[in-house]
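K.L.:
need a structure here:
(chains A, B, C and D)
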Amino acid sequence: MNQPGYQPYFSVNLPGRQALSKVWRSLFLVTTAIAVVFLVILVGTLINQSVGYVAIETKTPIASLVSDGHSLEELDKAELVTLLQQNLTTGRYNTLNASEPMETRAKSDLVNLVYTEVLEPEVQETWLLTESIFHGNRIKAEAAELHPDALLQFKSWLNFNLLKTTQSSDPLASGIRTALLGSIWSILITILVAFPLGVGAALYLEEYARDTWVNRMIQTNINNLAGVPSIIYGMLGLAIFVRTLSVITSGAAFGLGSGGSENGRTLLSAGLTLALLVLPLIIINTQEAVKAVPDTLRQASYGLGATQWQTIWYHVLPNAMPGILTGTILAISRAIGETAPLVVVGAATYITFDPNNVFSRFTTLPIQIYQWSSRPQAVFQHIAAAAILVLLILLLSLNSFAIVLRNRYRK
Amino acid sequence: MDLSKHSRPAEILIKAFLVFCGFFSILITVGIIYEVGSEALLFFSNPQVNLWKFFTGTVWQPQAQEFGILPLVNATFMTTLFAMMVALPLGLGVAMYLSEYATPRVRKVLKPVLEVLAGIPTVVYGYFALTFMTPLLRQIFGVDVVNIYNTASAGLVMGILILPLVASMCEDALSAVPQSLRDASYALGATKFETVVKIVLPAAISGIAAAVIVAFSRAVGETMIVAMAAGAGPNFTFNPFKSAETMTGHIVRISGGDLSYDSIDYNSLFAIAILLFLFTLTLNVISQRIVRKYRRKYE
Amino acid sequence: MDFSRNTFDNHLQKMADDTLLLASRVSEAVHNAIDALGSMDSIVAGQVIANDEEINARRYQIENDVIVLIATQQPVGRDVRFLAAILEIITELERIGDYAKGICKIQLLITREDCLRSVISDLKRMSVMGLSMLNDSLSAFINKDVAFARQIPDRDDAVDSLYNDIRSRLVSLMIKDMSYAQNVDYLIWVAHNLERLADRVSNICERIIYVYTGEMKELDGPRKYQPPEE
Amino acid sequence: MDSPNNSENAIEVSGLNIYYDKFRAVKNVSIAIKQKKVTAFIGPSGCGKSTMLRSLNRMNELIPSCHTEGKVDFLGQDIYAPNVDPVEVRKRIGMVFQKPNPFPKSIYENVAWSARINGFKPGLGRPSMDEWVEICLRKAALWDEVKDKLHQSGLSISGGQQQRLCIARTIAVQPQIILMDEPASALDPIATLKIEELMRELADEYTIIVVTHNMQQAARASDYTAFFTMDEDRSGILVEYDKTEKLYTNPSDSKTEAYISGRFG
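P.N.:
Below is the predicted model:
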């Protein structure tokens, strides 16, 4: 292809260069594939842990209650109540009756009561989903040999009972009801505090603040706060909300709270701590959304004689709102997953009653997961996995909502 | 017609609220420095604490009045090292692939995957370290070699946690490189690889450096994974398969129990915390400086 | 700044060169025409007439080139005045060429050489004066010598008086002997052409001054038009 | 070599169609670009002239949705033939872009890198790298302005100088053809004229194809001009291609006339 006059100063090993290019391309592809594989393994592990065979042995053999070949479900309500009366101590029966009279309980509830209170099942051994699928027969043989009295059940640890019941030392009866409610309460407090403060700060910085060293410092400060490890916020919450402000956060000042004692380890402290934690994120996200509102809009508004706040309220905010909400939801999902600061602020290790006001002691879903995971018994790993799935589903739906918002906003 | 200035009380009130919001973030910082700092000061002013020993001692046993922070720092850096070993090459590779190689279609699928990975709470990663990584390591290196709680497992999983952060920051840096530079390179007869490695990468290097620093800061401050998987109890060891407690892990474990205020244990946690705060703050400030610089370069 | 529009400047230079070439062809034609008349050489006269085609062709070529330059180079300021002046100058030159051709046509019609003899030396003087004006005007053009260009039209008066002189002599000759009438008429035309030649040189000088100063005014008359300052 | 008739053509395009997904941006263009001349592509925005230009060294392929049909013969070889390497094509057909885009390296490195990645071998009858950089900068009429600051960043010089640096960088690869995509549109008038002047000078050695939306620029700087416009279906078509002086004084198509006289649309 050389032209006359074209001096061959160059020699090019193009095939070699192209080959090198291909090698690196595949390397980059491999790294990406590894990242995807991690996610798959992670989800796989969770599912693997949350479904599988369980060998359950009941303290009282079921045969002693119902005749052979029949099950509890075939009995009617009266028979069930009788069973309970016969096999429970009077004190226990009365406690149960007091919390809800036997007559008004649903049949399924009664079956449950008989099951947990009378039969007292206990997990002997658990298997993973993969084991259960690929080595089903071996497991059956093993179970028959090692736990002859046990019932081998294919159980999903992720079920409605998990959501409905509170924490318990009995893994079969344990649930995340308290934790879920705790998460919801603390997040509501977080939103109520962090959203107005965050949006306000962002509006100040974007719309009002001039380029002075003070405002530049505020901006730098916010960016830095966003990078502070969450546990430091926990320490701050511990020092300020739990300790210094315990009169307020314990509810003692309002005559509320648990037992009137000044203990600041409450939902309020947790919510406020999380609010501080997500505040920089909300500010930064809101700033981005506000920045994206075109200046022509503001000028148009000023041109019509609007004041600065009218301009912000009628033009800037409505246009930035989808972006602000998206950013806030993402910040909130960060807060929902936070564990360390709440451990420091003092989440309760064992708690079975629902929170009824902001001065209640609390646990949250991630805390519950942390505690279950740290238990040595394998059974709790399964519940932890199920709880994690609940947490992930919650976060995923929040995130998808944010994405839907963002997409609608883009149009 | 009256065109003279008049005050608008509502506007002033609203502005006052917004100014307060703006300054609230300063309050948080002051709060951290004052509250955490003063508790830490209480710790350092305690006669049982020797500042020299604090920074050089290799035993941390509050019960025995031994306050040498090195075991905690050492474990922190061990886990961080492992995390960086996973996150940096993988994160940069992913960023390169996404920004330079992936078709828009592939990117549309992969970016949400990364976002999901980034949105998973750290406690889940902790669980993952316990139930997947540790058994895997024990299977590979032997049950006798690898403790149930060890820094390697925590560090490796932490690397996965940080990977999306590194990837997305690096991708930002890479995509901030103007397309015109790539075009120029191709028009000169460069191959894809030559363009990516010799033009795009150097142009994005400051952004990538910022990503590395932020990743480092994240790893140092990361808590739940190490609290769950690295072990409980300060242990001065360089063996990644032995259990050891990091600074954050220690804070979580001690404060999780019932702790009496005004004890030296309680104060010592704040000393660790302020150290952590200053360290991560320094890293963040540096990375922000770098980012600001490279943003300006192409604007 | 060490920068110049070399390409465009080269084009402008070529236009000037082509114009000079055209001018030299034209003055050669005038010179030859007067020579042919003086020596009553019909062959030379025929050549001049034939060569006029070439002069016309050259003129159209220059005009076309100027238009292309205007269309493609967007000249402004002195450049556009320069190109416009070239268009004007080549028109004048072509007209002068036509005068040469006219003189040669008359040469073919002259029948009374005695009549011609009485004025030929003055006609030659006129042509020499006119051609030297033309020559000087073009050197003023090339040298951008505005002062010089301003002086040239003054010499038109001498040409005019010579013209008047020749005409009155020819008229009195005709009054004496009406048989000269036809030839006198022809020769007055020759003198008239030479007088017009000098006028056209004055026009060329006006263009030159316009190119280099932007003033547009009649040089040998009252000021007609002064464009606003450039 | 090719037949003498063809050899004066650097590029022969026949039946070229360029699509973005389903949309046809360039429709059925055939054009023969003369060697060592400056050819300008003009036309209203969106008429596909840039797309057309980028198809001449396969830069289009960097846009995933873009695909090309037809033949582009470069000195007798179809650059879209399956066995042709686009990198090889781009080495021989260089490109200069709208916005000056020097690499964030030194002035010297900008030129040297281009030569180096293409396997520049100094020594034995060939210039050294320093000499080669100087040669290229001289050809780009930049040497005198930058010779004292060769190791400053390529971004530190003025826009016009940056653009000439980009040209020098392109020359360093020894292309036969230089494509220029609105090379002066981001520059001030003086810098613009300098680039135009440079184009004329480079035409002694290289074939230059320039896209410009400034028709005066095309008129001033080119030997040949191709006028593109949009069809009813908004795809770009070639209306007229002729010597620049002909096209600007006596276009044969009324659409060209309307466009160059500013009466378009």
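
K.L.:
can you name the residues of the stretch 151-265 of chain D sitting close to chain C?
P.N.:
The interface of the stretch 151-265 of chain D toward chain C, taken as C-beta under 8 Å from any C-beta of the partner chain, is made up of D:Ile190, D:Leu193, D:Lys194, D:Glu197, D:Arg200, D:Gln216, D:Ala219, D:Arg220, D:Thr244, D:Glu245, D:Tyr248, D:Thr249. Quick note: C-beta positions are derived from backbone N, CA and C, even for glycine.

K.L.:
so which of those belong to strands?
P.N.:
Here DSSP state E is the test, and these give no hits in strands at all.

K.L.:
D:Ile18 contacts D:Lys49, doesn't it?
P.N.:
No: the pair D:Ile18 / D:Lys49 is not scored as a contact, 11.2 Å apart, by C-beta atoms under 8 Å.

K.L.:
could you find the closest non-adjacent residue to the residue in the stretch 1-150 of chain A that chain B sits nearest to?
P.N.:
When C-beta to the nearest C-beta is the measure, the stretch 1-150 of chain A has its nearest residue to chain B at A:Thr31, with 2.8 Å between them. Taking C-beta to C-beta, 6 or more residues apart in numbering or on different chains as the measure, A:Thr31 lies nearest to B:Gly93, with 2.8 Å between them; neighbours along the chain are not counted.

K.L.:
OK, contacts around the one you found?
P.N.:
B:Gly93 makes contact with A:Leu27, A:Phe28, A:Val30, A:Thr31, A:Thr32, according to C-beta atoms under 8 Å, 6 or more residues apart in numbering or on different chains.

K.L.:
give me the PyMOL select line for those residues, limited to the buried ones.
P.N.:
In PyMOL, this line selects whichever of the contacts of B:Gly93 come out buried by 16 or more other C-beta atoms under 10 Å in any protein chain shown:
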select buried, chain A and resi 28+31+32
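
K.L.:
any chance of the contacts of B:Gly93 in a markdown table, plus distance to A:Ile240?
P.N.:
Listed next are these as a markdown table, based on distance: C-beta to C-beta, whole Å:
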| residue | distance to A:Ile240 |
| --- | --- |
| A:Leu27 | 49 |
| A:Phe28 | 47 |
| A:Val30 | 48 |
| A:Thr31 | 43 |
| A:Thr32 | 43 |
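
K.L.:
about what we covered before: could you pull up the mean pLDDT of the strand or helix carrying the residue of the stretch 1-150 of chain A closest to chain B?
P.N.:
Under the criterion of DSSP states H and E, A:Thr31 resides in helix A:14-50. In this model, helix A:14-50 has a mean pLDDT of 88.

K.L.:
that helix: which residues count as buried?
P.N.:
Residues A:17-18, A:20-21, A:24-25, A:28-29, A:31-32, A:34-35, A:38-39, A:41-43, A:45-50 are the ones in helix A:14-50 that count as buried (16+ other C-beta under 10 Å).

K.L.:
can you list the low-confidence ranges for chain C?
P.N.:
Scanning chain C for pLDDT under 70 picks out the ranges C:1-4, C:219-230.

K.L.:
hmm, back to that, now the element after the helix holding A:Thr31, going C-ward?
P.N.:
Going C-terminal from helix A:14-50, and assigning secondary structure by DSSP H and E, you next hit strand A:51-58.

K.L.:
that next one near chain B anywhere?
P.N.:
No: using C-beta under 8 Å from any C-beta, we find that strand A:51-58 stays clear of chain B, coming within 13.0 Å at best.

K.L.:
buried stuff in that strand?
P.N.:
In strand A:51-58, residues buried by neighbour count (16+ other C-beta under 10 Å) are A:Val51, A:Gly52, A:Tyr53, A:Val54, A:Ala55, A:Ile56, A:Glu57, A:Thr58.

K.L.:
partner residues bridging the first one?
P.N.:
Read it as A:Val51. Judged by DSSP bridges, the bridge partners of A:Val51 are A:Ser156.

K.L.:
name the nearest residue to residue 136, sequence neighbours excluded.
P.N.:
Answering for chain A, as no chain was given. A:Tyr53 (7.6 Å).

K.L.:
nope, chain C please
P.N.:
By the measure of C-beta to C-beta, 6+ apart, the closest residue to C:Asp136 outside its immediate chain neighbours is C:Ile152, 5.4 Å from it.

K.L.:
and that neighbour, how many neighbours does it have?
P.N.:
Applying the criterion other C-beta atoms under 10 Å in any protein chain shown, we find 23 residues in the vicinity of C:Ile152.

K.L.:
work out the gap between the helix or strand containing D:Thr256 and the centre of the chain.
P.N.:
Under the assignment given by DSSP H and E, the secondary-structure element containing D:Thr256 is helix D:254-260. With C-alpha atoms, centre = their mean, to the nearest Å as the basis, the distance from the averaged C-alpha position of helix D:254-260 to the chain average is 24 Å.

K.L.:
mind giving me the packing neighbours of it?
P.N.:
Helix D:254-260 sits against helix D:215-221, strand D:224-230, strand D:236-243, helix D:244-249, with contacts defined as 3 or more C-beta pairs under 8 Å, 6 or more residues apart in numbering or on different chains; DSSP states H and E.

K.L.:
mind doing that once more with 7 Å?
P.N.:
In this structure, helix D:254-260 makes packing contacts with strand D:224-230, strand D:236-243, judged by 3 or more C-beta pairs under 7 Å, 6 or more residues apart in numbering or on different chains; DSSP states H and E.

K.L.:
identify the residues contacting D:Ala172.
P.N.:
Going by C-beta atoms under 7 Å, 6 or more residues apart in numbering or on different chains, D:Ala172 touches D:Val111, D:Ser114, D:Ala115, D:Trp132, D:Cys136.

K.L.:
go again with 8 Å.
P.N.:
Applying C-beta under 8 Å, 6+ apart to D:Ala172 gives the contacts B:Leu188, D:Val111, D:Ala112, D:Ser114, D:Ala115, D:Phe120, D:Trp132, D:Val133, D:Cys136.

K.L.:
of these, the lowest pLDDT goes to which?
P.N.:
By predicted confidence (pLDDT), the lowest-ranked of these is D:Phe120, with 82.

K.L.:
what is the least confident helix or strand in chain A?
P.N.:
helix A:107-113 (a mean of 75; mean pLDDT, DSSP states H and E).

K.L.:
so which elements touch that helix?
P.N.:
Based on contacts counted as 3+ C-beta pairs under 8 Å, 6+ apart, the elements that helix A:107-113 packs against are helix A:77-87.

K.L.:
give me the mean pLDDT for the helix it packs on.
P.N.:
If you average the pLDDT over helix A:77-87, you get 78.

K.L.:
quick check: angle from the next helix or strand after it to helix A:77-87?
P.N.:
As assigned by DSSP H and E, the chain's next helix or strand after helix A:77-87 is helix A:90-99. Computed by axes from the mean of the first three to the mean of the last three C-alpha atoms, to 10 degrees, the angle separating helix A:90-99 from helix A:77-87 equals 140 degrees.
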